[in-house]
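Novice: kindly return the folded structure for what I paste below:
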Amino acid sequence: MKDLIDGLCLYDLNKGIINTLTGAENGRIKAVGELAAFAKKFNLGGNVWKKYLAYLIATDENAFSLSCERKKTADDKLSQLALFDMEQLFKLWHYDLKTVYPGSVVTLLDFDVAPDESYHGEAGEKISYLADNLDKATDERAFLAAVKDYYEKFGVGEFGLYRAFRLVSKSGSTNIELQYITNTERKKLADLVGYESQKKQLLDNTLAFLDGKSANNVLLYGDGGTGKSSSVKALLSEYADRGLRIIEVYKHQFTSISELISKIKDRNYRFILYLDDLSFEEFETEYKYFKAIIEGGIECRPSNVLIYATSNRRHLVKETFSDRNDMHVGSDEVHRSDTLAEKLSLVARFGLTILFTSPNQEEYLNIVRALAKRAGIDMPDVELCTRALQWQMRGSGKSGRTAQQFIDSLNK
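Specialist: Below is the predicted model of the structure:
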């Protein structure tokens, strides 16, 4: 087995469970448990050895896999290297694992997992898709065709397996990495009651982006609980299968956005950098860097990246009346109105701004009625509306969020 793995030109499989399988006997015993944990994590049954190989192939980012993801035909030399690797991988696929460890490993060749709502279930389905097609391959060329089919359909690496990510900093390092998010909301735009005009603006912009047409960075602003964040998240449920990916970025990470963009600009996905609840206090200066990121730096924003931000503030940077006074007493700054103009220019960098306002009473009750019907709550309309109004008076006012919380309270 080790000779086959070490002979690969493009793929790097010397990692994780493979290393323990090819190591000392105690390591091989450990690998059996790791394979079982892998199967449980992704809710995978059957031949776990083959499913794990499929996982390694699906996540290995190399010159060939990235070329396939971008749907570009590999040159002859790269294709020859890929075919050579497929010869090795085809042998690994049919490797008799019992020769490595003849004991409990037999269980992993026909593994049973109980049906489970695994957070990694969607990724497991993609791994199974690849494994099933690889298992049908009769030779290395058919094996290669199955691998190319997967890359062209889903992509490669964690972007191929998952749809949402957050930006994190490596411990003790200035470098960044992306951490996948498994528990994402599955609501679609149609599930969000009301705000049809706002949703249409957001949808039209996003569809243009997915179609490779000109699209704008978007600021969704307005009252809390009105569906700004839910609308952005719903896009992922609608269009992840068209290559849409969302990366959550926090305010303190703005200095890392350039590095992030350099990691994703050449990938065959459409990325939305998602900034939730964005605002800046007067003493915070990160907005200056953010302005250059959105528009104004030397390097142009790549066509596969947009920024969607939500905020309760129309003017993202807090301003004071003194900002409007050029001769504010006690200030060393002569032209304070220039400071105001600089702050307001941040919003202008968003090509599309969408306002979400709190619903009036009738709109609020219509949201309650729609959610109640969807939840299967059978209650006289007068009673439902009376209780809904009482609920919002005790809570945070009339909003879609308040309506949902009210319906949740009835389902207890």
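
Novice: ignoring the adjacent residues along the chain, who's closest to D381?
Specialist: R369 (7.2 Å; Cβ to Cβ, 6 or more residues apart in numbering). C-betas here are computed from N, CA, C, even on glycine.

Novice: buried ones in the helix or strand containing that neighbour?
Specialist: R369 belongs to helix 361-375 when assigned by DSSP states H and E. Buried residues in helix 361-375, counted by 16 or more other Cβ atoms under 10 Å: E363, Y364, L365, N366, I367, V368, R369, A370, L371, A372.

Novice: how about stretch 398-412?
Specialist: Result for stretch 398-412 [16+ other Cβ under 10 Å]: buried residues K398, S399, G400, R401, T402, A403, Q404, F406, I407, L410.

Novice: quick one: mean pLDDT over that stretch.
Specialist: Stretch 398-412 comes out with an average pLDDT of 88.

Novice: worst-scoring helix or strand of this protein, pLDDT-wise?
Specialist: helix 336-348 (a mean of 58; mean pLDDT, DSSP states H and E).

Novice: tell me, how many residues neighbour the closest residue in space to V156 that isn't next to it in sequence?
Specialist: Nearest residue to V156, sequence neighbours excluded (Cβ to Cβ, 6+ apart): S65, at 4.2 Å. Neighbour count for S65, taken as other Cβ atoms under 10 Å: 25.

Novice: got it, and the one 4 residues further on?
Specialist: Other residues near E69 number 24, with proximity taken as other Cβ under 10 Å.

Novice: do the one 3 residues further on as well
Specialist: By the other Cβ under 10 Å criterion, the neighbourhood of K72 contains 10 residues.

Novice: how much space between it and A39?
Specialist: K72 sits 34 Å away from A39, going by Cβ to Cβ, to the nearest Å.

Novice: in the chain, which residue is most central in space?
Specialist: Nearest to the mean C-alpha position of the chain, by Cα atoms, centre = their mean, lies A164 at 1.3 Å.

Novice: contacts only, for it.
Specialist: Y180, I181, T184, L236, R245, I246, I247, E248 (Cβ atoms under 8 Å, 6 or more residues apart in numbering).

Novice: now do T357
Specialist: Applying Cβ under 8 Å, 6+ apart, the residues contacting T357 are G222, D223, T226.

Novice: I figured the second one hits F356, correct?
Specialist: Yes - under the criterion of Cβ atoms under 8 Å, D223 is in contact with F356, at a separation of 6.5 Å.

Novice: neighbour count winner among those two?
Specialist: Higher neighbour count among D223 and F356: F356, with 23 against 18, using other Cβ under 10 Å.

Novice: ranges for the strands of the stretch 251-400 of the chain?
Specialist: 270-275, 305-311, 352-356 (DSSP state E, counting those that start in this stretch).

Novice: mind putting those strands in a markdown table, distance to F84 and mean pLDDT included?
Specialist: As requested, those are arranged in a markdown table below (distance: least, Cβ to Cβ, whole Å; pLDDT from 0 to 100):
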| stretch | distance to F84 | mean pLDDT |
| --- | --- | --- |
| strand 270-275 | 33 | 95 |
| strand 305-311 | 35 | 92 |
| strand 352-356 | 49 | 92 |
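
Novice: could I get those strands as TSV with distance to C9?
Specialist: As requested, the strands of the stretch 251-400 of the chain are exported to TSV (distance: least, Cβ to Cβ, whole Å):
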stretch	distance to C9
strand 270-275	30
strand 305-311	32
strand 352-356	47
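
Novice: surely the residue nearest to V156 forms part of a strand?
Specialist: No - assessed with DSSP: H, G, I helix; E, B strand; the rest coil, S65 is helix; it does not lie in a strand.

Novice: separation between L410 and I57?
Specialist: For L410 relative to I57 (Cβ to Cβ), the value is 49 Å.

Novice: same check, this time on E122
Specialist: 18 Å.

Novice: neighbour count: the two, which is higher?
Specialist: I57 (26 against 16).

Novice: residue contacts, T59?
Specialist: Counted by Cβ under 8 Å, 6+ apart, T59 has contacts V156, G157, E158, G160, L161.

Novice: in PyMOL, how would I select the buried members of those?
Specialist: Provided next is the PyMOL selection string for whichever of the contacts of T59 are buried by 16+ other Cβ under 10 Å:
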select buried, resi 156+157+158+160+161
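
Novice: of the contacts of T59, closest to I127?
Specialist: The shortest gap between I127 and any of these belongs to L161, at 7.6 Å (Cβ to Cβ).

Novice: just for the stretch 51-200 of the chain, where's the confidence low?
Specialist: By pLDDT under 70, the low-scoring segments of the stretch 51-200 of the chain are 74, 100-106, 114-118, 170-174.

Novice: okay, now L92: neighbour count?
Specialist: Using other Cβ under 10 Å, L92 has 19 other residues around it.

Novice: revised request: answer the last question for L278.
Specialist: If you count neighbours by other Cβ under 10 Å, L278 ends up with 22.

Novice: and stretch 243-256, average pLDDT?
Specialist: pLDDT averaged over stretch 243-256 gives 89.

Novice: buried set for that stretch?
Specialist: Quick answer for stretch 243-256 (16+ other Cβ under 10 Å): G243, L244, R245, I246, I247, E248, V249, Q253, F254, S256.

Novice: distance to L97 added to the residues you listed, as CSV?
Specialist: Output for the buried residues of stretch 243-256, formatted as CSV (distance: Cβ to Cβ, whole Å):
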residue, distance to L97
G243, 35
L244, 38
R245, 35
I246, 38
I247, 38
E248, 39
V249, 42
Q253, 43
F254, 48
S256, 42
